[in-house]
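*Asks:* One predicted model, sequence on top.
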Amino acid sequence: MWNPATGEQQSEVELATIEEVDAAVQAARAAFPAWRATSLSRRSEVLFHFRELVDANRKELASILTAEHGKVTSDALGEVARALENVEFACGIPHLLKGEYSEQASTGVDVYSIRQPLGVVAGITPFNFPVMVPVWMFANALACGNAFVLKPSEKDPSASLLLAELLKAAGLPDGLFNVVHGDKEAVDRILEHPDIDAVSFVGSTPIARHIYETATRHGKRVQALGGAKNHMVVLPDADIEGAADAAVSAGYGSSGERCMAVSVLVAVGESADPLIAAIKARVPSVRVGPGSDADSEMGPLISPDHLKKVSSYIDRGQQEGATVVVDGRRASVPSDGFFLGVSLLDDVTPDMDVYRDEIFGPVLSVVRVDTFDAALQLVNDNPYGNGAAIFTRDGGAARRFQFECQAGMVGINVPIPVPVGYYSFGGWKASLFGDTHMYGPEGVRFYTRTKVVTSRWPDPATSSVDLGFPRTR
């Protein structure tokens, strides 16, 4: 495992064998019945306590994120804060699991529905949010009465271990939360394991497709969030200075290593030149350095291989006809570690690799179009449908964009429209495999299944059994 800020190997991660994955699943299966029978108030109590422990340890969690992922401290603290939102939502599980009731559906017959946990569920999570994304999954899963097996990224695994310690300290019984570090072997065992009932995943589209196809073939419920190519449409009437600020923070924050990062700016008509000029003017003030440095605004990339991959797209874009306005490879950045400055490419077209591929780094591509209709068509023609944003002062254009945009999350003058914890996160098209989004109300639905009960009780007045009631006719 690398230290992204220094380029040095800081530790090794022992990968789980198939037998160790099986042991974790067996522990979860054994612990499930008692937890499933535990009262909702007790489950909430554990989660409330966990929430307080995460809050008390947010700086330690953030420092782990900075050391292993490389993100700057403010980004790391923001990740922990977003994780806390999801824990807070899950604390309301006594209300969230309410069913429905129909009295007298037929004469003397009542019908009602209840939600029950699935059993053992697993989460396979990415390197870019090693605290927030696991919490997206296990907070609701545990609240609903399931046992959980987490397979975090081997690139930054330590945060998951601290989360496990905090859950234990909060009073979660042994066996209900299990962490296994592994590679494809461990993942494939999770996907085929007969005692795992559901799998949640966040990562790239090719892997999401593999997760979905393999796990569903083995009879599991699956939610698999894939890649993204998020567009930010800027109309001529927009506040260009505000749009430029948003583009810089949304495109280059966390070094572009987030699935909701803006990677394509769609400049409509006369907005293009002033927008590009405004972004270019802001680039020199983006301070790139170690995440532990309080002055840094953008940290390193996660690994040397990823640095090489992201850098190669700047060359490819130029070869395909894009104009390199800002070249991050020439930026003044620390010589140690996996640092890359921010890049801005103009004159990008939809047939270029820099447009088609999810780069997952600090590279912004500008596509120029003449009209709002062309911008909307560009967004909708893209195979990804994770998030999209529009910047405008025109309420009619914004409403039409909201209505017609084919993406799961839409921002209006908001560049990164990540839903708050009491809504749900997820995209459309190649950004989602399965039909359920992550966390929030859809998370509760994913980790439970509905049972409908139809009941009829004998009338005490006519029953042959003495129920102790006076008989009247």
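*Replies:* Structure's in. What do you need?

*Asks:* How about the contacts made by the residue nearest in space to the middle of the chain?
*Replies:* Among the residues of the chain, the one closest to the centroid is V133, at 5.1 Å (CA atoms, centre = their mean). Contacts here follow CB atoms under 8 Å, 6 or more residues apart in numbering; on that basis V133 touches G123, T125, P126, V202. Where C-beta positions appear, they are placed from N, C-alpha and C, glycine not excepted.

*Asks:* what's the burial count for the spatially closest residue to R258 that is not a sequence neighbour?
*Replies:* Using CB to CB, 6 or more residues apart in numbering and skipping residues adjacent in sequence, the residue nearest R258 is N128, 5.6 Å away. Residue crowding around N128 was assessed by other CB atoms under 10 Å; the count is 25.

*Asks:* Correct me if wrong, but N128 is in a helix.
*Replies:* No - using DSSP: H, G, I helix; E, B strand; the rest coil, the assignment for N128 is coil, not a helix.

*Asks:* Farthest-apart pair in the contacts of V133, please.
*Replies:* G123 and P126 (10.7 Å; CB to CB).

*Asks:* What's the separation between S160 and Q9?
*Replies:* For S160, the distance to Q9 under the criterion CB to CB, to the nearest Å works out to 20 Å.

*Asks:* the more surrounded of the two?
*Replies:* The residue with the greater number of neighbours, taking S160 and Q9 and applying other CB under 10 Å, is S160; the counts read 23 against 9.

*Asks:* Which helix or which strand is home to the more buried one?
*Replies:* For S160, the element it lies in under DSSP states H and E is helix 158-169.

*Asks:* List the contacts of that helix.
*Replies:* 46, 49-50, 53-54, 57, 60-61, 64-65, 68, 125, 130-131, 134-135, 142, 150, 152, 174, 176-177, 179.

*Asks:* So which of the contacts of V133 is surrounded by the most neighbours?
*Replies:* For the contacts of V133, neighbours were counted using other CB under 10 Å, and V202 has the most, 26 neighbours in all.

*Asks:* pretty sure it contacts F127?
*Replies:* No - using CB atoms under 8 Å, V202 is not in contact with F127, being 10.4 Å away.

*Asks:* returning to what we had before: where helices are concerned, which of the contacts of helix 158-169 count?
*Replies:* Per DSSP state H, helices hold the following members of those: 46, 49-50, 53-54, 60-61, 64-65, 68, 134-135, 142.

*Asks:* quick check, nearest of those residues to A83?
*Replies:* Sorting these by how near they are to A83, with CB to CB, puts V135 at the top with 4.0 Å.

*Asks:* just checking, the closest one touches A81?
*Replies:* No - the pair V135 and A81 does not pass the contact test of CB under 8 Å, sitting 11.1 Å apart.

*Asks:* neighbour count winner among those two?
*Replies:* V135 (26 against 15).

*Asks:* From N86, how far out is the more buried one?
*Replies:* 5 Å.

*Asks:* Mind listing the shared neighbours of those two?
*Replies:* Residues touching both V135 and N86 (CB under 8 Å, 6+ apart): none.
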